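**Student:** here are the coordinates; sequence isn't available:
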């Protein structure tokens, strides 16, 4: 299994600055997430735009196809799946969820089949997922058009949703204020 830190977003709420490179207690959020994935993955890569600067943190970086620009998280999932061998599974985690834990992935892995993604009582978390590399061709076909929401596509591809009760690991950093608040909470 490989791990992919999803960091390909535009970071528009951060003025275009790569939010995964912003430090949380002195460590870039993306590196914190990569460290969590490394606990159970053989290797970890970062999926990001070519000009975002993630190469500076020392992990391999993969990029979505230029033709997939503007197609959202599905493009990042396809790029991450492209980094895997055909027989591998891929564990995905967003760079802006620095409290995600390896324990989230046990139930996702156990779901088997083509893969699974997380849900909570407040919504779907389709970027916390484990997917079989075998779903990539179908995902690429979806990306040829205007893709629907990520969880809709994953459901149509036969992936299962797994319900998680604890919301804390899904804490998402969307603004500098969120980052400052989180830094104060996890001293």
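**Tutor:** Nice, thanks for sending it over. Small disclaimer: the values here were computed from a predicted structure and weren't measured.

**Student:** separation between residue 102 and residue 86?
**Tutor:** Computed with Cβ to Cβ, to the nearest Å, the distance linking residue 102 and residue 86 is 25 Å. Every C-beta, even on glycine, is put in place using the N, C-alpha and C of the backbone.

**Student:** the more surrounded of these two?
**Tutor:** residue 102 (17 against 8; other Cβ atoms under 10 Å).

**Student:** Strand partners (parallel or antiparallel) of the lengthiest strand in the chain?
**Tutor:** Counting by DSSP state E, the longest strand found in the chain is strand 123-132. Strand 123-132 sits in its sheet next to strand 89-94 (antiparallel), strand 115-120 (antiparallel), going by DSSP bridges.

**Student:** quick check: mean pLDDT across it?
**Tutor:** For strand 123-132, the mean pLDDT works out to 96.

**Student:** How far does that strand sit from its chain's centre?
**Tutor:** 8 Å (Cα atoms, centre = their mean, to the nearest Å).

**Student:** what's the next secondary structure element after it?
**Tutor:** Sequence-wise, the next helix or strand downstream of strand 123-132 (DSSP states H and E) is helix 136-143.

**Student:** Show me what the lowest-mean-pLDDT helix or strand in the chain is in contact with.
**Tutor:** Least confident helix or strand of the chain, by mean pLDDT, DSSP states H and E, is helix 176-185 with a mean of 87. Contact with helix 176-185 is made by 14, 22, 24, 25, 29, 98, 99, 171, 172, 173, as judged by Cβ atoms under 8 Å, 6 or more residues apart in numbering.

**Student:** 6 Å - rerun?
**Tutor:** Contact with helix 176-185 is made by 24, 173, as judged by Cβ atoms under 6 Å, 6 or more residues apart in numbering.

**Student:** In that helix, which of the residues would be classed as buried?
**Tutor:** By neighbour count with 16 or more other Cβ atoms under 10 Å, helix 176-185 contains the buried residues 179, 182.

**Student:** show me where this structure has helices.
**Tutor:** According to DSSP state H, the chain carries its helices in the segments 29-38, 73-82, 105-110, 136-143, 150-156, 176-185.
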